[in-house]
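> Predicted model follows, preceded by the sequence.
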Amino acid sequence: MELIMEQMPIVIRSLNIGFIQTLKLFFVTLAGALPLGLVIAFGSMSRFRPLKCLAQLGLPGWLTEFRPISCVTRIVVWIVRGTPLMIQLLIIYYFPGLVLNNPIWGGGESGRFLAASVAFIFNYACYFSEIYRGGIQSVPAGQEEAGLVLGMTRSQIFFKVTLLQMIKRIVPPMSNEIITLVKDTSLARIIALQEIIWAGQAFLKGSQGISGQIWPLFFTALYYLVFSGILTILLGRLEEKLNFFR
Amino acid sequence: MPILEVEHLCKTFERTEVLKDISFSLEQGQVVSIIGSSGSGKTTLLRCLNFLERPDSGVIRVNGEVLLDAGDPSPDPDSVIRRKRLHFGLVFQSFNLFPQYTALENVMLAKELLAREQPDYKARKKEIHEEIRVLAEELLRQMGLENRMNNYPHQLSGGQCQRVAIARALALKPDILCFDEPTSALDPELTGEVLRVIKELADQQTTMLIVTHEMAFARDVAHHVIFMDDGYILEQGTPEEVFGNTREERTRQFLSRFNQG
């Protein structure tokens, strides 16, 4: 017990440094994936049909109705959601250097952080896009029609009418994804990003004169628990705020 | 000259012909009721007039100006359609109020967005906003909603919602106000208050096109009645002609159900 009290300051300092990296990855991912997800959602809902003009030639419906943007986006979303984030991390980090002989990420912690950010943003944007799509499609068509007959443009309808209704609907599923993201950031450990698990695990193997200790990992878990607790409260508040309309 | 002329309008969905050669006209200050069973094409007709559906053929003229010639091979861009739409207002069966805005904001929103396109908007921003608010409040008062202006739609009854929706449509001062079964989602008590408001508008010579299942109201409020069946206008004329001197057997059959009830 005395030993633990002695080691405590060292462990805490180490975990704090790791946690800052975790937080950075968390916020960078959100900042990138929230807008990118919306773009991907619009991609998968795209009704662009370049072959529509061929309909007069009597070509079959599946060809003239072909929606290339939607099709490509949905395949990408399928691949990203259908494979482990860990594999995506490894491939994104190592592929440029090992296969293209062009280590675009650079070495060191900043390179690993950059690669991890790209992998996380892309992966989470795909999950978010499906939540957005569900949210947008659940706003009744009558809302858009009401906007149209009132002479609004499509973008005015989206920003002034649909958007807030969509946000209200997606807060619960989004909260779920965001809490998952808190813990998923630990996957960046696989490319040796020095986030909090990396920091806690170091005391198992031995670091700064401390080795074979499991208790720093319990502490590590506590960091996640407290942070996701705070997020749960904040997201709950947001949900309440949006309760002023139905 | 009629304010609205519709000529030979046809519309097909997939393989179903919904509108078959629809022609009629409407004079300034007149009310036309459109009656007929569900699926007879009434709603589609209103949706075509409001550019929510594009007819396959036919012409729509307002004040003599061709708004839509479906035969024209190059359809108007969205921005032009948006302007043309403003000749019409549409009140929906399910109100379609914007839930995140109060009654007053619902009435003001579209007008405010349109005002941004005025050249003097930046200079007179406050003034314009004030004008729009005064107009919106006046309209809501006229609808008997002076105490409900700052309520959200979910805090209002169906009848109040529909009256807000009517005020919202009137705020843009459309030439022709269309109603798509405005009371079909309301119970009989609430139906009365909405019909009263529409009747008042008719008394003020608002040009209106009303699709309704309220036969007594259709007869009472309209100058002209159109009976639609299976995509055709089967019969049209003054209320006395259509209700009292029914020519077509099908119309008589349709009306008899209401007369019994």
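Perfect, I can see it now.
> Show me which residues of stretch B:19-31 are buried.
In terms of neighbour count (16 or more other Cβ atoms under 10 Å in any protein chain shown), stretch B:19-31 has its buried residues at B:19-20, B:22, B:24, B:26, B:30-31. Using the backbone N, CA and C atoms, a C-beta is placed for each residue, glycine as well.
> Just after the lowest-mean-pLDDT helix or strand in chain A, pick out the following helix or strand.
Within chain A, confidence by mean pLDDT, DSSP states H and E is lowest for helix A:61-64 among all helices and strands, at a mean of 78. Using DSSP states H and E, the helix or strand that follows helix A:61-64 in sequence is helix A:68-82.
> Buried residues, that next one. List them.
In helix A:68-82, counting by 16+ other Cβ under 10 Å, buried: A:69-70, A:73-74, A:76-77, A:80.
> Now tell me what touches the helix or strand following it from outside.
Proceeding N to C from helix A:68-82, the next assigned helix or strand is helix A:85-98, under DSSP H and E. For helix A:85-98, the external contacting residues (Cβ atoms under 8 Å, 6 or more residues apart in numbering or on different chains) are A:80, A:102-105, A:112, A:115-116, A:118-120, A:122-123, A:184, A:187-188, A:190-191.
> For the nearest residue to A:Ser70 once chain neighbours are set aside, what is the enclosing helix or strand?
Among residues not flanking A:Ser70 along the chain, A:Ser46 sits closest, at 4.6 Å (Cβ to Cβ, 6 or more residues apart in numbering or on different chains). When elements are assigned from DSSP H and E, A:Ser46 belongs to no helix and no strand.
> Name the residues of the stretch 1-150 of chain B found near chain A, please.
Selection of the stretch 1-150 of chain B residues close to chain A by Cβ under 8 Å from any Cβ of the partner chain yields B:50-52, B:78-79, B:82-83, B:85-86, B:88-90, B:92, B:94, B:96-100, B:109-110, B:113-114.
> if you set the cut-off to 10 Å instead, what comes out?
For the stretch 1-150 of chain B, the residues found near chain A under the criterion Cβ under 10 Å from any Cβ of the partner chain are B:46-47, B:49-52, B:78-79, B:81-86, B:88-102, B:106, B:109-114, B:116-117.
> coming back round to it: could I get the contacting residues of the residue nearest to A:Ser70?
By Cβ atoms under 10 Å, 6 or more residues apart in numbering or on different chains, A:Ser46 lies in contact with A:67-74.
> For the residues you listed, give me JSON lines that also has distance to A:Ile131 and pLDDT.
Formatted as JSON lines, the contacts of A:Ser46 follow (distance: Cβ to Cβ, whole Å; pLDDT from 0 to 100):
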{"residue": "A:Arg67", "distance to A:Ile131": "21", "pLDDT": "88"}
{"residue": "A:Pro68", "distance to A:Ile131": "24", "pLDDT": "89"}
{"residue": "A:Ile69", "distance to A:Ile131": "20", "pLDDT": "92"}
{"residue": "A:Ser70", "distance to A:Ile131": "17", "pLDDT": "91"}
{"residue": "A:Cys71", "distance to A:Ile131": "20", "pLDDT": "93"}
{"residue": "A:Val72", "distance to A:Ile131": "20", "pLDDT": "94"}
{"residue": "A:Thr73", "distance to A:Ile131": "15", "pLDDT": "94"}
{"residue": "A:Arg74", "distance to A:Ile131": "15", "pLDDT": "95"}
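> Between all of those, which two are separated the most?
For these, the farthest-apart pair by Cβ to Cβ is A:Pro68 and A:Arg74; their separation is 10.8 Å.
> any idea how far the residue nearest to A:Ser70 lies from A:Arg133?
Noted for A:Ser46: a distance of 11 Å to A:Arg133, by Cβ to Cβ, to the nearest Å.
> any common contacting residues for those two?
Common contact partners of A:Ser46 and A:Arg133 (Cβ under 10 Å, 6+ apart): A:Arg74.
> Give me the spatial nearest neighbour of the residue in the stretch 101-250 of chain B that chain A sits nearest to, chain neighbours excluded.
Nearest to chain A, among the residues of the stretch 101-250 of chain B, is B:Ala110, at 3.6 Å (Cβ to the nearest Cβ). Using Cβ to Cβ, 6+ apart and skipping the chain neighbours, the partner closest in space to B:Ala110 is A:Leu150 (3.6 Å).
> ditto for A:Ile40
A:Ser129 (3.7 Å).
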